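Visitor: model this:
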Amino acid sequence: MKGKIKEYVFITLGMIMVAAGLYFFLMPQKLAVGGANGLAIVINHWIPILSIGAIMIIINIILFIIGFLIVGTSFGFKTIYASMGTSITISLFERTIPIQQPLAEDIIIQLIFGVFISAIGMGIVFNQNASTGGTDIIAKIINKFFGIELGKGVLISDFIIIIMAGFAFGPELGMYSLLGIILNGVVIDWTIEGISLCKEVNIVSEYSNNIREYIVNDLERGATIYNAKGAIQERKRM
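Guide: Just a heads-up that it's a prediction; the model follows:
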């Protein structure tokens, strides 16, 4: 139970970061950096009567229904929680903190901050064996029918969204969005790699049983005990 609570705390933190990066930095500049949010930004341009958060909720519901029917129940509750939670958080931001204009006039600044914040959030979510949905589901559908790898399927889906963004907002914003997707992938990998780093500590002592009990019972961590012998006095160590 403690482990499950920890997982959902991290997923919640990650999805809030994703929503904040998208809403405060990418969405005001119409930067459709792939995913359900990018598609929602494009649709919102043609159907402004619906907010981007509401469109994201609709897109994720449709994708999950299609995914369950075609791919099966391999998504898991954590992915549903993360993807719908991100959409709902953006919708709450729209209602409580409306943004009339971008925080910065420089689109590059908006792109960098938006991608870094949202990509770190995605990395945290991915590290908990969940995802924020969107193009991940489309990639699984493409993989099922055409045998294309999931990573390439995500790139195909995002590239299609970028083309749509180029038609909707012009080629310049389309190129910025492409740059954002490349940067997004780099930061996600960097975040996952950083979180997954492990450290090893070697302890040499005559009190190995006391140290083992403290590590296992108090720290709730694993340990491996080696038998060793000192080179000078040839005394046994552990």
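
Visitor: Export the one helix or strand residue 141 maps to to CSV, keeping only CA atoms.
Guide: In the assignment (DSSP states H and E), residue 141 maps to helix 135-146. Only the C-alpha atoms of helix 135-146 are listed here, as CSV (Å, rounded to 0.1, in the frame of the first residue of the first chain):
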residue,chain,number,x,y,z
THR,A,135,-0.1,9.4,-29.1
ASP,A,136,1.1,6.5,-27.0
ILE,A,137,-2.3,4.9,-27.7
ILE,A,138,-2.2,5.7,-31.4
ALA,A,139,1.4,4.2,-31.5
LYS,A,140,0.0,0.9,-30.0
ILE,A,141,-2.7,0.8,-32.6
ILE,A,142,-0.2,1.4,-35.4
ASN,A,143,2.1,-1.3,-33.9
LYS,A,144,-0.8,-3.8,-33.8
PHE,A,145,-1.8,-3.4,-37.5
PHE,A,146,1.5,-2.5,-39.2
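
Visitor: now the strands for this structure?
Guide: 228-229, 236-237 (DSSP state E).

Visitor: ranking those strands by mean pLDDT, which is last?
Guide: Mean pLDDT across the strands of the chain is lowest at strand 236-237; the value there is a mean of 63.

Visitor: Who are the contact partners of residue 114?
Guide: Contact analysis of residue 114 by CB atoms under 8 Å, 6 or more residues apart in numbering lists 21, 22, 24, 25, 26, 31, 33, 180. Any C-beta I mention is one placed from the backbone N, CA and C, and that applies to glycine too.

Visitor: how much space between the last one and residue 212?
Guide: Applying CB to CB, to the nearest Å, the value for residue 180 to residue 212 is 49 Å.

Visitor: Quick one, grab the pLDDT at the nearest residue to residue 135 once chain neighbours are set aside.
Guide: Of all residues not flanking residue 135 in the chain, residue 157 sits nearest, at 3.9 Å (CB to CB, 6 or more residues apart in numbering). We have a pLDDT of 81 for residue 157.

Visitor: need the contact list for residue 157.
Guide: Applying CB under 8 Å, 6+ apart to residue 157 gives the contacts 34, 135, 138, 139, 142.

Visitor: so residue 113 makes contact with residue 25?
Guide: Yes: in this structure, residue 113 is within contact of residue 25 by CB atoms under 8 Å, at 4.8 Å.

Visitor: Please identify which of those two sits among more neighbours.
Guide: Ranked by neighbour count (other CB atoms under 10 Å), residue 113 and residue 25 place residue 25 first, with 25 against 17.

Visitor: Name the nearest residue to the more buried one, ignoring sequence neighbours.
Guide: residue 114 (3.0 Å).

Visitor: shaky segments in the chain?
Guide: Along the chain, segments meeting pLDDT under 70 span 71-75, 149-151, 192-193, 195-200, 206-207, 218-222, 228-238.
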